[in-house]
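Colleague: Give me the fold of what follows.
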Amino acid sequence: DTLTTALATLHTTGHTTTLHASRIPAQRVSLPAYPFQRDRYWIPNSASYSGRSDAEVATRLGLARQDHPFLTGATSIVGSGATLLTGRVTLAAHPWLADHTVAGAVLFPGTAFADLLLHVAEETGSGTVEELTLHVPLVLPAQGAVQLQVLVEAPDERGRRAVTVAARPEEETGAEWTTHAAGVLAGAEPAATAVDWADWAAGVWPPPGAEAVDVDGLYAEFAAAGYDYGPAFTGLTGAWRRGDEVFADVRLPEAVAGSEEERRFGVHPALFDAALHPWRVGGPWQESDAGGGHSTLLPFSWQGLTLYGTGAEQVRVRLAPSDGGGAFSVRAADPAGDPVLALDALVLRRVPSSTPSALAAAPMYRIDWQPVDSTSLVDTRRYAVVGADAEETAEVLRAFLPDAHTTAHADLAALRAALDAMASRPGPALVVARFPGSPPPAAEATSAPDPVRATLAHGLSLVQALIEDERLTNGTTLAVLTRGAVEAMETDVPDLAGAALWGLVRSAQSEYPGRFRLLDVDDSPESRAALATALASDEPQLALRAGVMLAPALTPAEAAGSPAPADAAPCAHGMDGTVLLTGCTGALGRRVAVHLARRHGVRRMLLVSRSGPNAPESAALERELTELGVHTSFVSCDLADPADVRRAVAAVPSEHPLTGVVHTAGVLDDGALARLTPERIDTVLRAKADAVRHLHEATLGHPLRAFVLFSAAAGLLGRPGQASYAAANGVLDAFARLRRAAGLPAVSLAWGLWDERDGMAGGLDATALRRLRRDGILPMPAGQALELLDQALTTYRDGPALLVPLLLDSTALRRTAGENGPASVPPLLRSLLPSPRRRHRTTTATSVRDESGPGPSAGLAALPAKERMSVLLDMVGEQVAGVLGHASAAQIDPERPFHEIGFDSLATLELRNRLGRLAGLRLPSTLAFDHPTPRKVAEWINAELPAANPAPGTSAEDPVLTGIDQMARAIALMDAQDGRRADVRQRLVGLLTALDRPASGADSDRAAATTVADRLDEATDDEIFAFLDEQLDEQPDEPLGAPLDERLDEQP
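Modeller: Numbers count the residues shown, from 1 in each chain. Next comes the predicted model:
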């Protein structure tokens, strides 16, 4: 009863408990060697704070109560004249704050900091916040609280007071305070502002001369820039411009209006924040860098903030340029024209893209398979099917793609022989390789060939053939068909070999964009019928289930609805159980071992490594664990040897049964896919895939409560140069699903990057780390990673067998997609990008993929020879600088070899991909090796560009042709994502249409224009949208110069 009462008291006073642990069956225990003391350590009930508000608690602690939602108490500091205000913020108490998400993190709004200082200004008798500077974003955790401290210094000789705002997480005992904001309060009540409020606020609204601005898509623009505002922060309802001024209507959304909390703010932070949103509508402050670029912008410097009225739910706002530096002033009045607040100057500052996300708690993700639209296709391309059952697959394609030319080949050698026989004809557009599923691993070790290695060897040969064989390098794509490689449905049975192959091909997709496809197909008749459609799709990764096309997406994992049972943790049997830990002499393994002892109470560990007790790190780890009360046993064991693993497990005494396995071991052997060998793959497989299989076999029959596999996100995202590592981790992920399907405990954690200097991440150089950050992958602090490990063992214990703890920078992802197109983002992460609007139309596959039309290469080729070489040299230099992380191409010597400026094989691949997108050419993987300086690369690209000789009889001095040359140069320099491209295209279409018409006078032109306009007026929405899709398509099916009215005739 005493124990139950104690647990109940802890639970009702807000402490986290595992009440279910008390239901463990009772056992006889030995009496202690001393008599029971029966001392009580509970605070008496009369002083209990249970059920009391923060303000009541503050009063009982001797603090002055504060009537503010974020501040609870204040006290003066003896002998200093300073005042300290305290408070706490939680999303549970203020759920509307969760709507202020920036760069993937929930940030405490800058306007909330401003309101804190306005409250302090009122409390201390100051009239104005003279200045406020926000130093570090304050990220709010999804669970738990953040403690606040506002320190108000004693007034100086002019009565001004310095203020600092600091915060720390409440859950972390002894955590350091971080100063997030600092400011100065004015010394006395200021005179009324000089702005004539009646001029715009109380008169005609909107003010005379102001032109309306469409704000319907404004919050979509905010989202694309990294501001994921929820309903509480979307209060801008209308905007107008008059010269340099912007006027707006702002209303507090219903989600937060009318609450008791609202009354306690000077001005509600959500209303104030929305009052700043018109800065994106336009104004001189945008031209001075506030609105451009790719980094997220946050309020930085505030000057002259005065509050005139409280309780406003609707305001009229005026933004106007302030004194230089990109600053703008803000004035807000209520609908009657009475002043609410005035801000003399606000400066927005670029925040490095990783800052908000790096401060956020890393979320736990899962893989979700979502349906994608299918498109009707008329396909006339050439298909080549390779494999033992190639003829069967080819018959399916012939049945559903009768216009395509499909051939079957027993193996790669047969395909090459066929290519030799038709040397004068182009290679196939698509090579389809089908891999049959492999049987699940046997319960006991067997001498049969390993299907994982056989499948990877075959897959590697096909992949390398596609990137090395000249007959297949010009436009040929490899589609890999598997069965059971992914768990798209809960009933799917995992195939280890197929999962490994997916990991390898995912890396190939990142090294050679657009060259590889993955398709996992079940055996249903519906999927057989849909195979042709899936192969013709543009999706790089698909699963076909009962004829439905599914694509993978990374989505937040949902926590289990019920508390984890008592046997959730590896130490389920308390002091009696033993936990086996691999990789314990590595940096990551050492951290995990200590964490299991401290957080989970593990008291017996079997620490397995190749060197065992002889490893240099073993002695220090043993001392640390012993001090924590852990009985350790270091064992030398080769995890790739099944007999060795069985011997290690058999040494666990029956009185301390094995209750948990944590497999952290692994090795890296990174390198470009073109130079990968089966032997190098084998090295990585031994430490990952072989080890987990042998641990699984050796522990069958043991009372395991946890089987934790440390996998890597590389197997899901397909990092360049990590094909072997991705394949090995694919096996781990599938093995966890296999054990779950058999009713055995297992979870695979596909980690991102741990911030460990002496771990695997320590082997990454600055260029590799910069590449990861640019792709949105951030190093995860060890403390966050271990917290996610705890969540995997408890909160998500009943969740999916594969979890992805990953720290992402959503702004970097959006920037990469904006600069290089969505295809430059790993398929799994594209669901985190803003969704483009898709429309359906029936097309011909050959025309969709026709690359003969004018593209970037045509624009470059149109330049005069000298200028073309100069443009190419600048283009190559900029991309080399981008790969190396330099600010500009000025630091790149075009004559210096790549290997002298820090290029490795992965950097070379990235440069090849960047230049290929810009030049519109398919560049060889050996580009930087065959042409080892930036200048030589530019010269080679110049030689590969299509000829652009002037037509006979034309003069270089012709002003019309000179103007066309200038236009060609301008188009060649336009970025692929430049929003003006569509307008330029439409103008060119109009010019070509005019050029095609007979010169019959202005009347005929007007008549033609009227005809088109009338037909557009009569067109349906679908016809107009189809026409616009046609106009804005980067590679239109029709000739660019087709007359407009003819193109309207061709719409269905």
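
Colleague: Flag the shaky bits of the stretch 801-950 of the chain, pLDDT-wise.
Modeller: Flagging of the stretch 801-950 of the chain using pLDDT under 70 yields the residue ranges 810-811, 834-859, 887, 947-950.

Colleague: what ranges do the strands span in it?
Modeller: With DSSP state E, counting those that start in this stretch as the criterion, the stretch 801-950 of the chain has strands at 802-805, 843-844.

Colleague: count of neighbours near the closest residue to W940 other than its chain neighbours?
Modeller: Nearest non-adjacent residue to W940, counting by C-beta to C-beta, 6 or more residues apart in numbering: H931, 4.8 Å away. In short, each C-beta sits where N, CA and C put it, glycine included. For H931, the count of nearby residues is 18 (other C-beta atoms under 10 Å).

Colleague: Need phi/psi at H931.
Modeller: Dihedral angles of H931 (phi, psi; degrees, to the nearest 10) stand at phi -130, psi 80.

Colleague: Over to L685?
Modeller: Dihedral angles of L685 (phi, psi; degrees, to the nearest 10) stand at phi -60, psi -40.

Colleague: ok, now L478?
Modeller: Torsion angles, degrees, to the nearest 10, at L478: phi -100, psi 120.

Colleague: Touching, W205 and Q314? I think so.
Modeller: No - with contact defined as C-beta atoms under 8 Å, W205 does not count as touching Q314 (11.8 Å).

Colleague: From the recorded domain assignment, give the ranges for the protein.
Modeller: 64-286+293-359, 366-439+451-535, 578-827, 857-944 (the TED database).

Colleague: Compute the number of surrounding residues for the closest residue to F898 other than its chain neighbours.
Modeller: Setting aside the residues directly before and after it, F898 is nearest to A928 in space (C-beta to C-beta, 6+ apart), at 5.0 Å. Residues lying near A928 (other C-beta under 10 Å) number 25.

Colleague: State the mean pLDDT of stretch 405-415.
Modeller: The pLDDT scores in stretch 405-415 average 88.

Colleague: from the chain's centre, how far out does that stretch sit?
Modeller: Centre-to-centre, stretch 405-415 and its host chain are 39 Å apart (C-alpha atoms, centre = their mean, to the nearest Å).

Colleague: contacting residues around that stretch?
Modeller: 380-388, 390-391, 393-394, 397-398, 418, 428, 431, 461-462, 465 (C-beta atoms under 8 Å, 6 or more residues apart in numbering).

Colleague: Weed out the non-buried ones from the residues you listed.
Modeller: Among those, those buried by neighbour count (16 or more other C-beta atoms under 10 Å) are 381-387, 390, 393-394, 397-398, 428, 431, 462, 465.

Colleague: what two of those residues are the furthest from one another?
Modeller: R398 and A465 (23.9 Å; C-beta to C-beta).

Colleague: which stretches of the stretch 301-450 of the chain have low pLDDT?
Modeller: Scanning the stretch 301-450 of the chain for pLDDT under 70 picks out 323-325, 350-362, 375-379, 423-424, 438-449.

Colleague: Quick check: M549 touching S374?
Modeller: Yes - M549 is within contact range of S374, at 5.7 Å (criterion: C-beta under 8 Å).

Colleague: The strand or helix carrying L769: what's the following helix or strand?
Modeller: For L769, the element it lies in under DSSP states H and E is helix 766-774. Of the helices and strands lying after helix 766-774 in sequence (DSSP H and E), the nearest is strand 779-780.
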